[in-house]
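[1] Just to be clear, the model below is a prediction. Sequence and coordinates:
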Amino acid sequence: MPERRAMAPKNYTFTCIECKQSKMLVLEENDVRRWNKGEKIQEVFPQLTLSDRELMISNICGDCFDEMFADEQGKTDGVEP
């Protein structure tokens with residue numbers, strides 16, 4: 001039976017579509033495949049921050065995401081606090 005070799009981590013670059021800043025993440029290729037096949041990102045990459053996972057999903061960095069939804073912070077069901 002052929003021996004399985006562990007895949008080395010690979011650099012992946014994600015760019016925010018709002019501010020155009022890029023961030024490089026070092027990820028296991030196997031994990032990227034699992035995510036691309038439909039596994040939940042938080043289960044495949046629990047070591048990443050919420051901002052990093054959001055950047056991977058939506059191509060929007062944490063700062064831009066926060067700025068986009070700043071008006072909604074603190075609101076519950078459309079009612080001002």
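    Happy to help now that I have it.

[2] Give me the most central residue, this structure.
    By C-alpha atoms, centre = their mean, the chain has its centre lying nearest to residue 53, at 1.7 Å.

[3] Isn't that one up against residue 41?
    Yes. Using C-beta atoms under 8 Å, residue 53 is in contact with residue 41, at 5.0 Å. Yep, even glycine has a C-beta here, placed from its N, CA and C like the rest.

[4] Find residues that contact each of the two.
    By C-beta atoms under 8 Å, 6 or more residues apart in numbering, residue 53 and residue 41 have no common neighbours.

[5] Residue 26 - that's part of a helix, no?
    No. Counting by DSSP: H, G, I helix; E, B strand; the rest coil, residue 26 falls outside a helix, being strand.

[6] That one bridge partners, please.
    For residue 26, the beta-bridge partners under DSSP bridges are residue 11.

[7] And the pLDDT at it?
    Model confidence at residue 26, given as pLDDT, is 97.
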